[in-house]
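Undergrad: predicted coordinates and the sequence they were generated for:
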Amino acid sequence: MHTSFLLAWFRRDVRHQVTLVLVAVWVAAIAHFRDPRTFFVPLATIAVGTIGAAAYFRWRGRPQFPASALVTSLLVGLNLSPWGSVWPILAAAVIGGGSKFLLWPIRRHWFNPAAFGIVLASVLFGLPVAWWAVSWSWIPSAILLIGMVPVLRRLRRLWLPTTFLIVYTSWIGLVVGEIGPVLRQLVDGTVLLFALVMLPEPVTSPANRAWKYVFGALVAGIVITVSVGRKLLPVPIDVFLLSLLSADVIAVLVQTGMNWRAGQALIFEKRRISRSEIRNPKAVGKES
């Protein structure tokens, strides 16, 4: 009974499945580097992020397992180098997790939490964005593909990384003029961790209607623009994460504008009906 309950609990929430994929990547990285810091630093990041979120939920009177905070903390721990100072990495986990509870204008939160925490900590403390846990071999890439594709199909979000990879690798192919670099990008751990886990984050990355085709391409377009622009004006922020945060803002503003226009159209229609009722109430009654 206990085993079946845990299995049902695991299947019910895809965040638990994403956590399992990231833990598998983490274990593979630990086995590769054989350095205690690759274990203890991400573990500390997870502890700080999840305990902080659990304390917040308890304070609000809604105690629950902080699955989202666990994923965010794992991403922070697997991205920022464990061979540097620990405190800025812990700060990144707190910033990323805490950003979900801020009352952002228009919407509860605008930005991908992990990307927001990593970028802000990188700017504040000068941390290099390392992608250390996935950049050492093809093994993390295989884990991410095997683990994340079924999850994204279940969420109906597979189009987001697909359109991103099509646009991004097409640009690389046009610039380089060879197929080899394109294929290497398709199995690169950094690209896949970003495209399969961070890009399709359910809350901040829209995937309804046309957005499921547009958002990934939008992020890829910003990556290309920033990459080209850095030759003229260097930007000390990771290109992928900066592009994702920029696309989050664009998506929020566009959706807000569309919602405002729909609201105005609804108000106009209600006013038109009200005027019709005043002028000819019998005719309106027959129509209804």
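TA: Now that the structure is in, tell me what you want to look at.
Undergrad: how about the helices in the stretch 101-250 of the chain?
TA: 113-125, 139-155, 159-176, 179-186, 189-193, 211-229, 239-279 (DSSP state H, counting those that start in this stretch).
Undergrad: pull up the gap between the residue nearest to T169 when sequence neighbours are not counted and F215, please.
TA: By the measure of Cβ to Cβ, 6 or more residues apart in numbering, the closest residue to T169 outside its immediate chain neighbours is V182, 4.8 Å from it. In short, each C-beta sits where N, CA and C put it, glycine included. From V182 across to F215, the span is 22 Å (Cβ to Cβ, to the nearest Å).
Undergrad: and the two? Which one has more around it.
TA: F215 (26 against 17; other Cβ atoms under 10 Å).
Undergrad: ok, that one touching V252?
TA: No: contact status for F215 versus V252: not in contact, 11.6 Å apart, counting by Cβ atoms under 8 Å.
Undergrad: show me where pLDDT drops low in the stretch 151-288 of the chain?
TA: Filtered on pLDDT under 70, the stretch 151-288 of the chain yields the residue ranges 233, 258-288.
Undergrad: could you rerun that using 90?
TA: Scanning the stretch 151-288 of the chain for pLDDT under 90 picks out 175-183, 202-213, 227-237, 251-288.
Undergrad: W110 against T204, yeah?
TA: Yes: with contact defined as Cβ under 8 Å, W110 counts as touching T204 (6.7 Å).
Undergrad: find residues that contact each of the two.
TA: Counting by Cβ atoms under 8 Å, 6 or more residues apart in numbering, the residues touching both W110 and T204 are D248.
Undergrad: neighbour count winner among those two?
TA: Neighbour totals were compared for W110 and T204, and T204 leads with 25 against 19 (other Cβ under 10 Å).
Undergrad: check contacts around that one.
TA: Applying Cβ under 8 Å, 6+ apart, the residues near T204 are 109-113, 248, 251.
Undergrad: of the residues you listed, which pair is most distant in space?
TA: P113 and A251 (15.3 Å; Cβ to Cβ).
Undergrad: those two: which has the busier surroundings?
TA: Applying other Cβ under 10 Å to P113 and A251 shows that P113 carries more neighbours, namely 28 against 20.
Undergrad: for that one, report the pLDDT, please.
TA: Per-residue confidence at P113 stands at 92 (pLDDT).
Undergrad: and it, what does it touch?
TA: 68, 72, 96-97, 99-100, 201, 204.
Undergrad: hang on, the earlier thing: list just the nearest of the contacts of T204 to F194.
TA: N112 (10.2 Å).
Undergrad: now that closest one. Its backbone dihedrals?
TA: phi -60, psi 120 (degrees, to the nearest 10).
Undergrad: how much space separates it from V187?
TA: Counting by Cβ to Cβ - N112 and V187 are separated by 23 Å.
Undergrad: kindly report the same for H32.
TA: Applying Cβ to Cβ, the value for H32 to V187 is 17 Å.
Undergrad: ditto for P206
TA: In terms of Cβ to Cβ, P206 sits 27 Å off from V187.
Undergrad: so which of these two has more stuff around it?
TA: A count of neighbours by other Cβ under 10 Å puts P206 above the other of P206 and V187, at 20 against 13.
Undergrad: surely the more buried one meets F215?
TA: Yes: the pair P206 and F215 passes the contact test of Cβ under 8 Å, sitting 5.7 Å apart.
Undergrad: between those two, what contacts are shared?
TA: A251.
Undergrad: and the angle from the helix or strand hosting I51 to helix 113-125?
TA: In this structure, I51 sits in helix 37-59 according to DSSP states H and E. Going by axes from the mean of the first three to the mean of the last three Cα atoms, to 10 degrees, helix 37-59 is angled at 110 degrees with respect to helix 113-125.
Undergrad: just use 56 as the starting number from now, easier for me
TA: OK, 56 is where the count begins now, so the last one is helix 92-114.
Undergrad: other SSEs contacting helix 92-114?
TA: On a contact count with 3 or more Cβ pairs under 8 Å, 6 or more residues apart in numbering; DSSP states H and E, helix 92-114 meets helix 69-88, helix 122-134, helix 141-154.
Undergrad: good, we can wrap up now.
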